[in-house]
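Enquirer: Just a sequence and a predicted model for now, questions to come.
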Amino acid sequence: MAVQIAEIDADVVPESIEIRPLAMTIGAEISGVDLSKPLSNQEITEIRTAFLKWKVVFFRDQPLDHAQQVAFSRQFGACTPAHAVYGHQDDAFPEVYSIDRDRRDKRYKGEDLRLPWSGWHADVTPAINPPAVSILRGDTMPPFGGDTQFTDLVAAYNALSPTLREFVDGLRGIHRYQGNAAVNVSKEYLDTLNQNLIISEHPLVRVHPETGERALYVSPSFLESIVDLTPTESSSLLAMLKTHVTRPEFTVRFKWSNHALAMWDNRQVLHMGPKDIINSQYPREIHRTTLMGDIPVGPNGKKSISLEGEAIKPV
Amino acid sequence: MSESSIDKISLDVAPLTLHIGAEIQNVDLSRPLSDQHVADIKATLAKWKVVFFRNQFLDHDQHVAFSRQLGNPTSGHPIYGARKGYPEIYTVSKTRMTDRFEGEPINHPWNWWHTDLTCAKNPPYASILRADEVPPYGGDTQFTNLCAAYDALSPAIQRFVEGLRGIHYKAPQDGVKVKEIYADKNKQTRMVAEHPLVRVHPETAEKVLFVSPNFLHDIVGLTPTETKAILEFLKAHAVRPEFTVRFQWKPGSIAIWDNRATCHLPPRDIYMPDCKFERCLYRTTLMGPTAYGADGQESKQLEGKPLAAV
């Protein structure tokens, strides 16, 4: 990991790609590169550098098929299985998870609980080794609606007071794969979750393995409690932290187009899938690959602990 | 001064709840007390945090004389003044505050709860409240034990709050405005103190969650958003029913609370439109030490003057 930090200098002007930042601390669009073909080492290094600095990068007009997405992904790391809980849809591509536009209606009956942070998450943080990178490819996207938002957990950490940072530096959170505080969850969905129960204890502040920056490791959909606090204390502090991490000034909002691709650093970014397009007339075909991540480490050097379920293995 | 052992007490003490409140019986407060009785009342107060006496029909002179056996009275009230001829006595009338504010408050669970005068770096040691005219029903006062509140926090939050300092000053309830005519007077008499969020009880060495909801409005070193979330949690926590006792007044009732380790809630029901009853009590307060935290750091007077004896 130290080698990678030394290799990466965010101030070097890239030569093989163009970078257009989209918000103050998060989000950049990369152009001037064709992702359907093998990348040069320089392209890979420059994309990686931009990716670490901007935390989520976007590409436009990259018509890829499943095989090309997997090939593109593998240039940045080993692929995980499509989804740790839901599996894959196409046996020929065990790395690809296709996201159903109307999945919400299959999981919840009636209204689910909606809080300011509902829907925000980092992918699969209940696993002891959540994916390092998520790559999302939009094939056929709605002409309007269906934006994805991302928030910067390093900026969120830095915006806390020094006093509170010192406190949360020492805390640990329990991440459980369970839909939205189990309000109005359908029996089928609950069965799926219970048969694939994944729970991990992560530091509340994660030291990024490549940049060394501290990220407020709060994944609202999954982070259910704080270790060593009473339920009342935990609920109050989590409400504050979850509200905090999703403050608009830490975020960027991506408007998709057909054949756009988003690639985010799942170790320092949350995202929120769109709710506006559910049951709309427009199709939204979107496919995800995720890359193997390491076990998170807190500022005190203490690693995460698995409480239920298996670690993610490469496929 | 007589020593007191809480296990061998010269008084009849009837506890009222698990954590807080005891009635002291078979003592006549209208006459000078023995040194042993004084020591035992103080020890019972330190243990039970609020003590109650019944059928003690004291006049103002006797109230002051009784108070002086337990400590040095402060002036009646540093902001609202004292009763004519009795610089130690503050009149707690039903209408003393009713015309000062306008607007409806936001009803948080901790509204109106307070420790007396935590806007001073040396809030009173004890407050002695004597019922003169009280309603036949309604008008109860509630008390909460801030040591029990501290003990019920998780060790992780205990450690966190122990390192914090709070800013205390008088402010109206959320959503309420002070009427224009009182704004100037409030400015002249403004008192602001910085206290540790956890103070050490000077007699028992217990840790006290020093959260006085009506006075505590800021935490040093936190952002406003963090402060709001943490204060809301701590204030709601400090007044949880299991830490409290509720006292029903009768003519001749006296309550003494340990103002270093309790908050109290004045009654709100007597302000309901259909309550026609009057309510008038008299209070003395005894000089207390400057508060200090677990690290020994003392409280500071940031604006105004500390309390002084009369």
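Expert: Arrived safely.
Enquirer: Neighbours of residue B:18, how many?
Expert: Around residue B:18 there are 11 other residues, counting by other Cβ atoms under 10 Å in any protein chain shown. For every residue, glycine as well, the C-beta is placed using N, CA and C.
Enquirer: where's residue B:124 relative to residue B:249, distance?
Expert: 20 Å (Cβ to Cβ, to the nearest Å).
Enquirer: List the contacts of stretch B:144-159.
Expert: Among residues not part of stretch B:144-159, those counted as contacts by Cβ atoms under 8 Å, 6 or more residues apart in numbering or on different chains are A:170-171, A:226, A:228-230, A:233, B:19-20, B:49, B:113, B:115, B:161, B:198, B:201, B:204, B:206-211, B:237-240, B:242-244, B:261-265.
Enquirer: PyMOL command for the buried members of these?
Expert: The PyMOL selection below is limited to those of the contacts of stretch B:144-159 classed as buried (16 or more other Cβ atoms under 10 Å in any protein chain shown):
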select buried, (chain A and resi 170+171+226+229+230+233) or (chain B and resi 19+20+49+113+115+161+198+201+204+206+207+208+209+210+211+237+238+239+243+244+261+262+263+264+265)
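Enquirer: Mind checking which of the contacts of stretch B:144-159 land in strands?
Expert: A:226, B:198, B:207, B:208, B:209, B:244, B:262, B:263, B:264, B:265 (DSSP state E).
Enquirer: Show me which residues of the stretch 101-250 of chain B sit near chain A.
Expert: B:152-157, B:160, B:163-164, B:221-223, B:225-226, B:229-230, B:232-233, B:237 (Cβ under 8 Å from any Cβ of the partner chain).
Enquirer: Any stretches of the stretch 51-200 of chain B with poor pLDDT?
Expert: B:97-98 (pLDDT under 70).
Enquirer: That one: helices as residue ranges?
Expert: Here the stretch 51-200 of chain B has its helices, by DSSP state H, counting those that start in this stretch, at B:60-70, B:146-151, B:155-162, B:180-188.
Enquirer: Would you mind saying which of these lies nearest residue A:296?
Expert: helix B:155-162 (19.5 Å; Cβ to Cβ).
Enquirer: Out of the helices of the stretch 51-200 of chain B, which one sits most buried?
Expert: Per residue and on average, the most neighbours among the helices of the stretch 51-200 of chain B fall to helix B:146-151, with a mean of 23 (mean count of other Cβ atoms under 10 Å in any protein chain shown).
Enquirer: wouldn't residue B:231 be in contact with residue B:219 here?
Expert: Yes - counting by Cβ atoms under 8 Å, a contact exists between residue B:231 and residue B:219, whose distance comes to 6.7 Å.
Enquirer: Among those two, which residue is more densely surrounded?
Expert: Taking other Cβ under 10 Å, residue B:231 and residue B:219 do not tie; residue B:219 has more neighbours (23 against 20).
Enquirer: what residues are up against the more buried one?
Expert: Counted by Cβ under 8 Å, 6+ apart, residue B:219 has contacts B:164, B:165, B:166, B:167, B:197, B:226, B:227, B:230, B:231.
Enquirer: what pairs with it across the strands?
Expert: Counting by DSSP bridges, residue B:219 forms beta bridges with residue B:166.
Enquirer: now the helices of the stretch 51-200 of chain B as a markdown table including distance to residue A:273?
Expert: As requested, the helices of the stretch 51-200 of chain B are exported to a markdown table (distance: least, Cβ to Cβ, whole Å):
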| stretch | distance to residue A:273 |
| --- | --- |
| helix B:60-70 | 66 |
| helix B:146-151 | 42 |
| helix B:155-162 | 33 |
| helix B:180-188 | 51 |
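Enquirer: and of those, who's closest to residue A:197?
Expert: Here helix B:155-162 is closest among the helices of the stretch 51-200 of chain B (Cβ to Cβ), at 26.2 Å.
Enquirer: Skipping its backbone neighbours, what lies nearest residue 309 in space?
Expert: No chain specified, so I'll use chain A. residue A:198 (3.5 Å; Cβ to Cβ, 6 or more residues apart in numbering or on different chains).
Enquirer: Chain B was what I was after
Expert: Once flanking residues are discounted, residue B:309 sits nearest to residue B:72: 4.3 Å by Cβ to Cβ, 6+ apart.
Enquirer: I'd guessed that neighbour sits against residue B:286; true?
Expert: Yes - here residue B:72 reaches residue B:286: they are 6.3 Å apart, a contact under Cβ under 8 Å.
Enquirer: which of those two has more neighbours?
Expert: Using other Cβ under 10 Å, the more surrounded residue of residue B:72 and residue B:286 is residue B:286, with 21 against 15.
Enquirer: Please list all residues in contact with the closest residue to that one other than its chain neighbours.
Expert: Excluding the flanking residues, the one nearest residue B:286 by Cβ to Cβ, 6+ apart is residue B:71, at 3.4 Å. Shown in contact with residue B:71 (Cβ under 8 Å, 6+ apart): B:125, B:126, B:286, B:287.
Enquirer: Show the pLDDT at residue 289.
Expert: Going with chain A. Confidence at residue A:289, expressed as pLDDT, is 97.
Enquirer: ah, I was thinking of chain B
Expert: 97.
Enquirer: Sweet, I'm off.
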